[in-house]
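**Student:** make a model of this:
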Amino acid sequence: MREILGRRRRLRLRRKEGAARLDAALTFATAWRWPVLPGAGTASAALQDGRGVGCACLDPDCAVPGAHPFDPGLLAATTDERMVRWWWTNRPAAPVMLATGGRAPCAVSLPALAGARALVALDRMGMRLGPVVATPTRWSLLVAPYTLERLGELLYSKDWVPSSLRFHGEGGYLVLPPSEIGAGQVRWERAPSPPAASVPAAPVFRRAVKGGAPVGAAPWLPDVEAVLDALVEASTSAPDGGSRLAY
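**Tutor:** Numbering: from 1, shown residues only. Alright, predicted model coming up:
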């Protein structure tokens, strides 16, 4: 009896988590116009020598288990409600992947520990941040769309940039909450806030629904130059002359 009740609880939990991912994907795609697609996800059959959950792509050396596009590929990313609903109805456990660049948000990411330090430093500087996505291994600061040419110019103008930074721009991707990947749970460290600063920042997935899609303006995003400048300043302000944003 206990085993049956345990199975029922796990089934209810999986259904609840699947519904949350579908709601989130619909919000990103139809309300915020962010192109999304399902990620590879994880597979218990891909366990490798007890090192954790493997990737459903079945590559034993996958660098980001579960947290990358696989089938369909990145070019399939869309804002179409019917496609998004079909994907997550058929694959409710699939991570939600954002195709970065173009008109969609881009991101600057860094190791989790460095990310926590960076947010403290940026808060002290009075820097207004946009949404921040946190996984157990990396934190990603979402920024307004930028081109590869502009990013190249920004990096060229800097004497030094922390080597721990990664840039997710055109042709890239980023996993979004509330996904589950090989490294663990994906969450909002800083929740998306609407353009009007006076409006509460908590995102709503199942409210204010019109035509099956939640209604709401896309979250405010900072400019990549402002974020990069602040990260470089925060990194070079370590008391010992080292970097606060090292691995």
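
**Student:** what about the helices in the protein?
**Tutor:** For the chain, the helices defined by DSSP state H cover 2-26, 81-90, 112-124, 148-156, 224-236.

**Student:** so which residues of the chain form strands?
**Tutor:** 36-38, 42-43, 54-55, 96-99, 106-111, 132-134, 138-143, 166-168, 173-176, 180-181, 184-185, 187-190, 209-210, 213-214 (DSSP state E).

**Student:** so what's the nearest residue to T137 once chain neighbours are set aside up against?
**Tutor:** Computed as Cβ to Cβ, 6 or more residues apart in numbering, the closest residue to T137 that is not its neighbour in sequence is A183, at 4.9 Å. For the C-beta atoms, the positions are set from N, CA and C on the backbone; glycine is no exception. With contact set as Cβ atoms under 8 Å, 6 or more residues apart in numbering, A183 has these partners: G52, V64, P65, G66, A67, T135, P136, T137.

**Student:** ok, S163 - contacts?
**Tutor:** By Cβ under 8 Å, 6+ apart, the contact set of S163 is empty.

**Student:** gap between it and M127?
**Tutor:** 21 Å (Cβ to Cβ, to the nearest Å).

**Student:** please apply the same query to P178.
**Tutor:** On the measure of Cβ to Cβ, P178 and M127 end up 26 Å apart.

**Student:** one more: A226?
**Tutor:** 7 Å.

**Student:** more neighbours: which of the two?
**Tutor:** Higher neighbour count among A226 and M127: M127, with 18 against 14, using other Cβ atoms under 10 Å.
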